[in-house]
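Undergrad: sharing a model prediction with you, sequence too.
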Amino acid sequence: MGVGKYCFALVLIFSSLIIFSIDSSAAKPDCLQCHSALEKHKVVHPALEMGCSACHMEPHKTKKPRLSLMSEPPELCYNCHDKSKFTQKYVHPALQMGCTTCHNPHSSDNNKMLVSKLPDLCFNCHDQKTFMKKTTHPPVAAGNCTTCHNPHSSKNEKLLVSPPPELCFMCHDRDLFNKKVVHPPVQEGMCTFCHNPHATDTWWLLTSKLPDVCFNCHDQSAFTKKSQHPPVKLGMCVLCHNPHSAKREKLLVANPPELCFRCHNKSIFTDKNIHPPVKAGMCLTCHNPHSSDAERNMFTKKLPGLCFMCHQEKKFTGKKVHHPPVAAGMCTACHNPHSNKNDKFLRAEIPKLCFNCHDKKEFQGKHIHSPVKAGMCTMCHLPHQGDKGHLLVEEPPKLCFMCHDETNFKKKNIHPPVAAGLCIICHSPHATNNVFQLRLPIDDLCVTCHTQKIIANGVHIVSGFTQAGHPVKGKKDPRRKGRKFSCTSCHNPHSSDSVDLFRYAAKSRFGLCRYCHKK
């Protein structure tokens, strides 16, 4: 009897354990027996390890909808996830559509249990075309949207993980943007004022092509005048300027004139004689680096006004006669404005320079005036302006007396053309084929005025001498060795202390004859 009671007690205990086990299994059913696919993906929601009941009620014992969630998302998710990370100032609109819009709540083959890979997931809402243009931001091209954007909420606009430019410095070298002179948009953190953060059809993700993007701030009229610097015309602003920051004023990539030498041939600016502004690197004194209304060379002023900024205007204006290039403001026709091997920055040595305009043939001949032959044009002529005809430094004969002995022209009796200062009546001031730069052979020259003195057969009619007259041509001068007999054998063409401009001392005409006719 004792043994029977003991066995009955054991049966009751085992029966109770079996019943308890059955009841326990019914309380916590194994959902994965039916829903095994929910945990087969690469990334599994940690909540699954807590059991389905962490999020779901018993789905077969409730009148609630099929999912039987313990509470509605996103409140349900906040049981585990920190609510503050999803409720900052700026919230991703997708959160209002429910967490499962982007995340699989059980498992996924994608990180963060995303329903699809980035950036394809984002393109479910965002227009893919705006992210797939010619030039794409590397994080976008790599599908790393969350490098810049918080996918849930942020205290920054556009859900940025930090405000620009700090956000940009996560990849871009900060030192390139904080040098001595900083471009105002960069200083204000306005990176997206010039750059599209995702993709564009222009270089460097610019919001528009150069120079149009610059014209969003800079006055376009200052860059589109009559004469434009080629880099400006081509929209190559960054050839001279760093768009972010630089250690030089105006954000220049180098100091003038070295900056200019990147395009312009340095040898043109470093010859023997250098224009002071060029030597000082003051290119912008004369040239506008962008554009100008001057006809050429982007001058800051029209010529000659530009030159008058340094050179005294009164030295080039106000007098009666002006050298045509000066009157036309063509300073650079004669002068190289940068550097030259010649004095005064002349483009060529004188007289070669003068022959650029003046006919060289007029300065060639058997007999050339010594100053002309020596290239001393400015000995007689002023190169800019003057009060005398032909820009002469003095009126003849005073001009001529600068070289010729004045006493030879101021004796008792003076040849009328000489007295009148008409030197060039008889002499060519530049060159001729006749001796002494005479315009004609001497006897021919004299008869242009003294028409009654010499007859056709070359004799000089002398009153009271002989009917045949005195021979002038075809004889040798007995007093001047090596010279032919001519009018000047007897007459000084300039001045004399004797009557009739006799070359030798004589009180009468017959008094002159004795110098040759001894008998």
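TA: Nice, I can see it. Keep in mind that this is a model prediction, so the values were computed, not measured.

Undergrad: now this protein, which segments are flagged as low pLDDT?
TA: 1-29, 59-66, 454-457, 463-468, 519 (pLDDT under 70).

Undergrad: what ranges do the helices span in it?
TA: Counting by DSSP state H, one finds helices in the chain at the ranges 2-27, 138-141, 184-187, 191-194, 230-233, 276-279, 283-286, 324-327, 370-373, 416-419, 423-426, 442-446, 487-490, 509-513.

Undergrad: report the buried residues of the third one.
TA: When neighbours are counted by 16 or more other CB atoms under 10 Å, the buried residues of helix 184-187 are found to be 185-186. From N, CA and C alone the C-beta is placed, and that goes for glycine too.

Undergrad: tell me which other helices or strands it touches.
TA: The contact analysis (3 or more CB pairs under 8 Å, 6 or more residues apart in numbering; DSSP states H and E) places helix 184-187 against helix 191-194.

Undergrad: now do the buried residues in the helix it packs on.
TA: Of all the residues in helix 191-194, those buried under the rule 16+ other CB under 10 Å are 191, 194.

Undergrad: other residues contacting it?
TA: 164-165, 168, 185, 197, 206-207, 213, 216, 243 (CB atoms under 8 Å, 6 or more residues apart in numbering).

Undergrad: one more pass at 10 Å, please.
TA: Residues outside helix 191-194 that contact it (CB atoms under 10 Å, 6 or more residues apart in numbering): 158, 164-165, 167-168, 172, 177, 183-186, 197-198, 204-208, 210, 213-214, 216-217, 243-244.

Undergrad: count of residues packed around the closest residue to Cys283 other than its chain neighbours?
TA: Closest residue to Cys283 apart from its sequence neighbours, by CB to CB, 6 or more residues apart in numbering: Pro256 at 4.7 Å. When neighbours are counted by other CB atoms under 10 Å, Pro256 registers 19.

Undergrad: list the contacts of the residue nearest to Arg439 when sequence neighbours are not counted.
TA: Excluding its sequence neighbours, the residue lying closest to Arg439 (CB to CB, 6+ apart) is Ser428, at 5.4 Å. Shown in contact with Ser428 (CB under 10 Å, 6+ apart): 362-363, 365, 367-369, 372, 434, 436-440.

Undergrad: so which of these wins on neighbours?
TA: Val372 (23 neighbours).

Undergrad: my read: it touches Gln437, true?
TA: Yes: taking CB atoms under 10 Å as the definition, Val372 is a contact partner of Gln437 at 9.2 Å.

Undergrad: now the common contact residues for the two.
TA: Counting by CB under 10 Å, 6+ apart, the residues touching both Val372 and Gln437 are 365, 428-431.

Undergrad: before we move on, back to that, quick one: which of the contacts of Ser428 is nearest Val140?
TA: The closest of the contacts of Ser428 to Val140 turns out to be Phe363 (CB to CB; 74.6 Å).

Undergrad: pretty sure that closest one contacts Gln437?
TA: No: look at Phe363 against Gln437 with CB under 10 Å: they stay out of range, at 11.4 Å.

Undergrad: what do these two both touch?
TA: 369, 372, 428-431.

Undergrad: next, format those residues as CSV and append distance to His149.
TA: Listed next are the shared contacts of Phe363 and Gln437 as CSV, based on distance: CB to CB, whole Å:
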residue, distance to His149
His369, 87
Val372, 83
Ser428, 90
Pro429, 87
His430, 85
Ala431, 87
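
Undergrad: need the max-distance pair from these.
TA: The distance between the two most remote of the shared contacts of Phe363 and Gln437 (CB to CB) is 9.7 Å, for Val372 and Ser428.

Undergrad: which neighbours do the two share?
TA: Common contact partners of Val372 and Ser428 (CB under 10 Å, 6+ apart): 362-363, 365, 437.

Undergrad: looking at those, which is nearest His229?
TA: Phe363 (40.9 Å).

Undergrad: OK, contacts around the closest one?
TA: Residues near Phe363 by CB under 10 Å, 6+ apart: 351, 354-355, 369, 372-373, 377, 428-431.

Undergrad: buried subset of these?
TA: If we count by 16+ other CB under 10 Å, the contacts of Phe363 have these buried: 351, 354, 369, 372, 377, 428-431.

Undergrad: check those and tell me the two furthest apart.
TA: Taking CB to CB, the two most distant members of the buried ones among the contacts of Phe363 are Cys354 and Ser428; they sit 16.1 Å apart.

Undergrad: ranges for the strands of the stretch 1-150 of the chain?
TA: Taking DSSP state E, counting those that start in this stretch as the test, the strands found in the stretch 1-150 of the chain are 43-44, 90-91, 107-108, 135-136.

Undergrad: any chance of these in a markdown table, plus mean neighbour count?
TA: Below are the strands of the stretch 1-150 of the chain laid out as a markdown table (neighbours: other CB atoms under 10 Å):
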| stretch | mean neighbour count |
| --- | --- |
| strand 43-44 | 16 |
| strand 90-91 | 14 |
| strand 107-108 | 18 |
| strand 135-136 | 16 |
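
Undergrad: I'd like the ones you listed written out as a markdown table, with distance to Cys148 added.
TA: Shown next, in a markdown table, are those (distance: least, CB to CB, whole Å):
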| stretch | distance to Cys148 |
| --- | --- |
| strand 43-44 | 23 |
| strand 90-91 | 14 |
| strand 107-108 | 23 |
| strand 135-136 | 13 |
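
Undergrad: can you report how many residues lie near the closest residue to Leu38 other than its chain neighbours?
TA: Residue nearest to Leu38 in three dimensions, not counting chain neighbours: His106, with 3.9 Å by CB to CB, 6+ apart. Using other CB under 10 Å, His106 has 20 neighbouring residues.
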